[in-house]
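Colleague: The following block contains a protein sequence and its predicted model.
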Amino acid sequence: MITRYVRAFSQGAPFWAIDEGQVLRVLNAAPWAGGVPTGQVRLGRLLAPVAPSKIVGIASNYRDHAKEMGKPVPEEPKIFLKPSTALIGPDERIEIPPRTTRVDHEAELGVVIGRRCHRIRPEEALERVFGYTCVNDVTARDFQKADGVFARAKGFDTFCPTGPAVVTGIDPRDLAVRCRVDGVVRQDGRTSDMVFDVPTLIAYVSSIMTLEPGDLIATGTPAGVGPLSAGQRVEIEVEGIGVLTNIVADRDDR
């Protein structure tokens with residue numbers, strides 16, 4: 001059964017809930033922590049639907065993206081970390097920091113861990129998944145090229161839009177992953193084109209670091225990454241999950 005879980009804000013506090021359209025069934029804890037319904041509220045402002053201890057990104061996990069970046073297809077997953085402070089939710093602003101000359105969108109399937117993962121095998125990996133979400137792995141491309149590492153380029157505040165929901169009951173093996181900027185399609189791929197599938201990624205990452213419930217893996221992006229400018233509207237859509245929409249703005253450093 002497909003269920004949509006969101007995180008929202010009401011009466012001065014965030015909460016998790018089951019999305020039933022115009023009504024939210026409020027949970028008393030995160031759904032992967034065993035939260036149960038305690039009441040109902042009307043749909044309000046949505047937040048990022050996760051609060052992970054870590055965000056693990058996967059680089060060059062689509063052959064066509066590796067090619068457009070001039071990089072070889074990796075022989076094993078290439079991982080990096082994004083800080084949890086990069087998270088924003090639906091309709092929040094992606095802020096372009098000063099000094100960067102190019103900030104790119106990267107549409108990705110996000111995997112939300114439901115049970116602790118420590119050195120697990122690929123065949124057990126999907127049993128540890130809670131659900132799936134949309135991720136925009138925003139990247140300052142010029143900083144990435146200058147540094148040779150990803151921390152600065154991918155770590156700015158607002159550089160990990162996520163949402164609008166975490167969805168359970170879908171199969172991650174062949175989902176459409178798209179990005180539109182001002183209504184124009186820029187990325188259009190499928191998760192079946194991944195170099196390393198979701199079970200392989202979870203097993204690999206858990207062989208390096210323990211994955212805790214609520215942790216987020218951004219599984220890589222298809223070809224078509226491109227620059228964003230202030231005032232643009234960027235939409236990340238993953239089949240079966242929904243559309244994550246954000247507006248781009250210049251950061252005000254005054």
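Modeller: Yes, it's here. Numbering: from 1, shown residues only.
Colleague: Point out where the stretch 151-254 of the chain drops to low pLDDT.
Modeller: In the prediction, the stretch 151-254 of the chain carries residues with pLDDT under 70 at positions 253-254.
Colleague: which stretches of it form helices?
Modeller: 151-155, 198-206 (DSSP state H, counting those that start in this stretch).
Colleague: Could you point out which of those helices sits nearest Lys54?
Modeller: When the helices of the stretch 151-254 of the chain are compared by C-beta to C-beta, helix 198-206 sits nearest Lys54, at 9.7 Å. The C-beta positions use only the backbone N, C-alpha and C, and glycine is treated the same way.
Colleague: which secondary structure elements does that closest one contact?
Modeller: Under the contact criterion of 3 or more C-beta pairs under 8 Å, 6 or more residues apart in numbering; DSSP states H and E, helix 198-206 touches strand 107-113, helix 122-125, strand 216-218.
Colleague: Point out the one among those that comes closest to Val177.
Modeller: Val177 sits nearest to strand 107-113 of all the helices and strands packed on helix 198-206, at 5.3 Å, using C-beta to C-beta.
Colleague: Within its sheet, name the partner strands of that closest one and how each one runs.
Modeller: Its sheet considered, strand 107-113 pairs with strand 129-136 (antiparallel), strand 216-218 (antiparallel) by DSSP bridges.
Colleague: okay, the angle between that strand and helix 198-206?
Modeller: 70 degrees (axes from the mean of the first three to the mean of the last three C-alpha atoms, to 10 degrees).
Colleague: what about strand 107-113, average pLDDT?
Modeller: Mean pLDDT, strand 107-113: 98.
Colleague: cool, and stretch 51-65?
Modeller: Averaged over stretch 51-65, pLDDT sits at 96.
Colleague: buried sites along that stretch?
Modeller: By neighbour count on 16 or more other C-beta atoms under 10 Å, the buried set for stretch 51-65 is Pro52, Lys54, Ile55, Val56, Gly57, Ile58, Ala59, Ser60, Asn61, Tyr62, His65.
Colleague: first to last residue in it, what's the distance?
Modeller: 28 Å (C-alpha to C-alpha, to the nearest Å).
Colleague: Kindly report the same for stretch 71-89.
Modeller: End-to-end span of stretch 71-89 (C-alpha to C-alpha): 31 Å.
Colleague: Buried residues in that stretch, which are they?
Modeller: Pro77, Lys78, Ile79, Phe80, Lys82, Ser84, Ala86, Leu87, Ile88, Gly89.
Colleague: For these, give me JSON lines that also has pLDDT, distance to Arg45 and secondary structure.
Modeller: Shown next, in JSON lines, are these (pLDDT from 0 to 100; distance: C-beta to C-beta, whole Å; DSSP: H, G, I helix; E, B strand; the rest coil):
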{"residue": "Pro77", "pLDDT": "97", "distance to Arg45": "35", "secondary structure": "coil"}
{"residue": "Lys78", "pLDDT": "97", "distance to Arg45": "36", "secondary structure": "strand"}
{"residue": "Ile79", "pLDDT": "97", "distance to Arg45": "32", "secondary structure": "strand"}
{"residue": "Phe80", "pLDDT": "98", "distance to Arg45": "30", "secondary structure": "strand"}
{"residue": "Lys82", "pLDDT": "98", "distance to Arg45": "23", "secondary structure": "strand"}
{"residue": "Ser84", "pLDDT": "97", "distance to Arg45": "20", "secondary structure": "helix"}
{"residue": "Ala86", "pLDDT": "98", "distance to Arg45": "19", "secondary structure": "helix"}
{"residue": "Leu87", "pLDDT": "98", "distance to Arg45": "15", "secondary structure": "strand"}
{"residue": "Ile88", "pLDDT": "98", "distance to Arg45": "12", "secondary structure": "strand"}
{"residue": "Gly89", "pLDDT": "98", "distance to Arg45": "8", "secondary structure": "coil"}
